[in-house]
Structure formats: structure tokens, C-alpha cells
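Engineer: next input, structure requested:
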Amino acid sequence: MAERPNYMSPEDFRGAGHRAVDWVAGYHERIEEFPVLSEVAPGWVRSQLPAEPPEQGEDFADVLADLDRIVVPGLTHWQAPGFFGYFPANASGPAALGDLVSSGLGAVGLLWLTSPAVAELEQHMLDWLVSALELPERYRGNGVIQNSASSATLCAALAARERAGGIDALAELVAYTSEQAHSSVVKGLRIIGIPAERVRAIATTPDFAMRADHLAYEIVKDRSDGLTPFFVAATVGTTSTTAIDPVAEVGWVANNFEAWMHVDAAFAGSAAVCPEMRWLNDGLDTADSYVFNPHKWLLTNFDCSALYLADPRHLINAMSITPEYLRNEASDSGEVVDYRDWEIPLGRRFRALKLWFVMRHYGLEGLRSHIRRHVAWAAELTDWVAADDRFELVTPTVVSLVCFRHIDGDDATQRVLDAVNQSGQAFLTHTNLDDKLVIRVAIGSPQTERHHVEELWNLVQSAA
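Structural biologist: Here you go, the predicted model:
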């Protein structure tokens, strides 16, 4: 008989766990010591690792030591206060502890039966978010946590395809989204069988929001050609500029032509936790599905994406396959939710636990304060840019993303961008609008304070 492996005992786990938590806490304490953008060359991390796995187990202290030696130099520090590059991926202590507990429990929530707490806590947390953000009541009881907005959009497209006739109707189906929509929309449609030539990129306004009149024109044209408009994706907070599509108008068009209306508010949606930002929800009563990411701006560690469906039956019908080994009395009764039918994978982690920890630790007031600080600093940065005649604002600042460029053109803009990123103090990204290079400053890290935004602006001015 094989020897018993060196399973970590509860007592050993306790000691190692204390050291691991202490390491993470120390990392956050010293995060400003590191350059925000990793400076290692391609292949450096792999060059530090042994070619073959160890034959004998190693001491946990050696593993922790290699975090500092190998892993940290190869990180771009998403939680750094100078991280302004992409929309934030908020990590917080309560969420990390929720993930720790979830991992320790090791529950796999494929069916209600496999852990009722996994299913019912998720249902309840999604309903808490309906209340917290004042989302339409028809979403209550109809939410599910996905791993990302990309997966959520894919599931929405599957549900739309099912409602429009399923695979048998595939050859006639046409989808619509803004020219500024996230690439995941086209990717999700491609996965379900809609080729690029049947995805219409709808024109936008000067502020880069979808034009509902152009949407209506394209739908009428496709219907006259014998095609079936089945899916419209609107965006509340586009990736390039946080442009807000006119959801009510777009939804009216989609509803009148019996197309599924999906709304992607992956980043900006969290701001609706603040009553003064509830206008971000305008028109959601027309949407068949809606997604936003607590893992972006609501202090909940990746991954946690909240998808709501006004009528989940279409998704369940598209996804449900029940082999004999998954049959059980609770599922057959129809009284429980089996989330395996609401997503691509069969197995699912206990993601709701970290959301529960976050909402109980911060409360709604704490979450509102988190959002309001970033919105206020973005408004202040917008004023600084407007007052400097070397720069021009490219779009209105909607929530906490500021977009601007150097008036001398792309080369000067690129020079500023490179200087900031090479400083190690901050990290910015860019986009391209009307064939012009644009700098994006996304404010959202829980580590960021006002003086970090001011220091960023000083870097930008020095490079100008």
C-alpha cells in the first residue's frame, strides 16, 4: 500500500495560514515600494523556476520566500495606489477572507443538494444587490454570479438564441451592438455561432454612445432582407470612455422588434449603490438581462460578476442537461435553484461568501463612500486637465475615468504616457478615438488617496 501523503493537518494549516495572511498583509503595507508596472523581461519568471517538479515536499517557509523572490517582481500591482491603467479589480480584506473560507470549505455548488448554503446564499446576495442598487424588481430572485462579464454576456446571448428558436434558427439570426462595445460581445456571439458578418456595429454620437435611430435603421433593413434580429447589447460605461448608451431608447427599439436586450454595466454599474448615481439604471426595465461586476469597483475580489435575467427560463432551457447521476428529489421538486443550469461549467465555487463578507463588513454606507471618493477625485482631475492649455479633454468624465490627450498630437501624447509608465509610480493605458491617441486615467483602487491622484497629475505635467 502506498504511504500516506503529507496531508497538512489542521494545526499545521493554522500555522501556515497565519504566515500566509501575514505575508499578504505585509505585501499591502509595502505595495508602494514596487514599480506599479512589472519590469521583468519575457521569460524571466520561468527562468527562475526549476525545470522539473520536486520529488519531495518542501517547507512552506521556502514557498513563501519564493513569492518575494520570483512572483512579486513579475507582478503588475493592480492594488497599488498608482494603478490607473484599467478599470480596477478591487481586492479587500473581507473579500480575501471570504475566498479563504470558501477555499477551505471546498464546497462545489453544482446542485442545491451538493450544498444548500452555496445556492441559497448566492440567491440572497444577488437580491441584496437588487436592493442596494435599486435595480428593477423583476430581477429579484433571478440573479446568478458568473466569473466575468464576458461569461455573463455569453449566457445572455445563449438565452436570446434559445428564445429566438435555438440552433435551428441560427442561420437567420443577427445581433447588434455599439462600435464602442467591449470585445467580449462579439466574442460571445462568435462562440454561440453568430459570425462577424451578422454582428452589426451601430454608429455612435460624438460622445461615443450608441445611436438608437441607427439601430432601428439596421434592424428594419435586416428584417426586410429576411433575417431575424435577436440580440441587442447596450453598454453603461464603455471600456474606452465610460460612454453611456441611451438604454431606454435602445431598449424600446429592441423590444418593439422582439430582440433580446442585454445591458453591460461591468464597471460603472457599481456606482448605482450611491443614490445620486441611480440615473445609471435608467431604462433597465426594458432589459432582458443585465450584468455588472462587484469585482471591479465594489471591493469584492475577482471573480464575481452579477448577471440578472428577467426570465431565466430561456437560459435554463438552453443549458440544462440532466444525466441520471445528477437527478435528485430536491431538483425534481422545482423548489430549489440548481445554478449548474445558469452557467457554462457544471462545477462552481462558493463565490457568494466573499460578497457576503464584504457587504457585512462595509455596509452600504461604506461602499458608497468608496465610490464617492473616486468620483470626486476624477472630477477634480478633470478640472486640472481643463485648466492646462497643453491638454484637451476628449470625453465628458462620467464616473471615475478621465480621458485626455496632448494638444500637440499623438507623439506628444505617447511621450507623456511613456514617461508616466516608466516612472514606476503610476500606470496608465490608452485608447484610440477618431484616429487619435487618448490617455485613460481610471481611478478606483481602494489604496488610492487624493495625493496619489495629485502626484499622477504632477507626473503628467512634468512630461508634457
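
Engineer: ranges for the strands of the protein?
Structural biologist: 143-146, 173-178, 199-202, 228-235, 260-264, 289-292, 305-309, 391-393, 401-406, 429-433, 436-442 (DSSP state E).

Engineer: those strands: which one's closest to Arg19?
Structural biologist: Minimum separation from Arg19 across the strands of the chain (Cβ to Cβ) falls at strand 143-146, 30.4 Å. For the C-beta atoms, the positions are set from N, CA and C on the backbone; glycine is no exception.

Engineer: touching that closest one from outside, list them.
Structural biologist: With contact meaning Cβ atoms under 8 Å, 6 or more residues apart in numbering, strand 143-146 is reached by 122-123, 125-127, 129-130, 152, 155, 291, 304-309, 312, 339, 342-343, 351-352, 355.

Engineer: for it, list the C-alpha coordinates in PDB.
Structural biologist: Extracted in PDB, the C-alpha atoms of strand 143-146 (Å, rounded to 0.1, in the frame of the first residue of the first chain):
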ATOM      1  CA  GLY A 143     -29.600  36.600 -10.300                       C
ATOM      2  CA  VAL A 144     -26.500  34.400 -10.600                       C
ATOM      3  CA  ILE A 145     -22.800  35.000 -10.000                       C
ATOM      4  CA  GLN A 146     -20.700  34.500 -13.100                       C
END
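
Engineer: list the strands paired with that strand, with their directions.
Structural biologist: The pairing partners recorded for strand 143-146 under DSSP bridges are strand 305-309 (antiparallel).

Engineer: closest to the centroid, which residue in this protein?
Structural biologist: When Cα atoms, centre = their mean is applied to the chain, the residue found nearest the centroid is Asn293 (4.3 Å).

Engineer: gap between that residue and Val253?
Structural biologist: According to Cβ to Cβ, to the nearest Å, Asn293 stands 26 Å off from Val253.

Engineer: thought the residue nearest to the centre of the chain was touching Asn301?
Structural biologist: No. Taking Cβ atoms under 8 Å as the definition, Asn293 is not a contact partner of Asn301, at 11.4 Å.

Engineer: turn the strands of the chain into JSON lines, including distance to Gly57 and mean pLDDT.
Structural biologist: Shown next, in JSON lines, are these (distance: least, Cβ to Cβ, whole Å; pLDDT from 0 to 100):
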{"stretch": "strand 143-146", "distance to Gly57": "35", "mean pLDDT": "96"}
{"stretch": "strand 173-178", "distance to Gly57": "51", "mean pLDDT": "96"}
{"stretch": "strand 199-202", "distance to Gly57": "51", "mean pLDDT": "95"}
{"stretch": "strand 228-235", "distance to Gly57": "49", "mean pLDDT": "96"}
{"stretch": "strand 260-264", "distance to Gly57": "45", "mean pLDDT": "97"}
{"stretch": "strand 289-292", "distance to Gly57": "42", "mean pLDDT": "97"}
{"stretch": "strand 305-309", "distance to Gly57": "36", "mean pLDDT": "97"}
{"stretch": "strand 391-393", "distance to Gly57": "56", "mean pLDDT": "96"}
{"stretch": "strand 401-406", "distance to Gly57": "47", "mean pLDDT": "97"}
{"stretch": "strand 429-433", "distance to Gly57": "41", "mean pLDDT": "95"}
{"stretch": "strand 436-442", "distance to Gly57": "42", "mean pLDDT": "96"}
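
Engineer: these two touch, right, Ala254 and Ser289?
Structural biologist: No. Applying Cβ under 8 Å as the test, Ala254 and Ser289 come out as separate, 11.4 Å apart.

Engineer: spit out the residues that contact those two alike.
Structural biologist: By the contact definition Cβ under 8 Å, 6+ apart, Ala254 and Ser289 are jointly contacted by Trp260, Met261.

Engineer: returning to what we had before: tabulate the strands of the chain (CSV), appending distance to Tyr362 and mean neighbour count.
Structural biologist: Output for these, formatted as CSV (distance: least, Cβ to Cβ, whole Å; neighbours: other Cβ atoms under 10 Å):
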stretch, distance to Tyr362, mean neighbour count
strand 143-146, 18, 25
strand 173-178, 33, 26
strand 199-202, 38, 20
strand 228-235, 27, 28
strand 260-264, 25, 27
strand 289-292, 17, 28
strand 305-309, 17, 27
strand 391-393, 32, 17
strand 401-406, 23, 24
strand 429-433, 28, 16
strand 436-442, 21, 22
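
Engineer: mind giving me TSV with those strands and columns for distance to Glu3?
Structural biologist: Listed next are the strands of the chain as TSV, based on distance: least, Cβ to Cβ, whole Å:
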stretch	distance to Glu3
strand 143-146	40
strand 173-178	57
strand 199-202	57
strand 228-235	55
strand 260-264	52
strand 289-292	49
strand 305-309	43
strand 391-393	67
strand 401-406	56
strand 429-433	51
strand 436-442	52
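
Engineer: out of these, flag the one nearest Thr448.
Structural biologist: Nearest of these to Thr448, taken as Cβ to Cβ: strand 436-442 at 10.4 Å.

Engineer: what strands line up against the closest one, and which way round?
Structural biologist: According to DSSP bridges, strand 436-442 has the following sheet partners: strand 401-406 (antiparallel), strand 429-433 (antiparallel).

Engineer: so what touches it?
Structural biologist: Strand 436-442 is contacted by residues 84-88, 240-241, 378, 381, 394, 400-405, 409-410, 413-414, 416-417, 428-432, 456, 460 when judged by Cβ under 8 Å, 6+ apart.

Engineer: how far does that strand sit from the chain's center?
Structural biologist: Between the centre of strand 436-442 and the centre of its chain there are 20 Å (Cα atoms, centre = their mean, to the nearest Å).

Engineer: may I have that strand as PDB, with CA atoms only?
Structural biologist: This file holds the C-alpha atoms of strand 436-442, laid out as PDB (Å, rounded to 0.1, in the frame of the first residue of the first chain):
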ATOM      1  CA  LYS A 436      -6.300  59.900 -32.200                       C
ATOM      2  CA  LEU A 437      -4.300  58.500 -29.200                       C
ATOM      3  CA  VAL A 438      -6.000  59.200 -25.900                       C
ATOM      4  CA  ILE A 439      -4.800  58.700 -22.400                       C
ATOM      5  CA  ARG A 440      -7.100  57.000 -19.900                       C
ATOM      6  CA  VAL A 441      -6.900  57.600 -16.100                       C
ATOM      7  CA  ALA A 442      -9.200  55.100 -14.300                       C
END
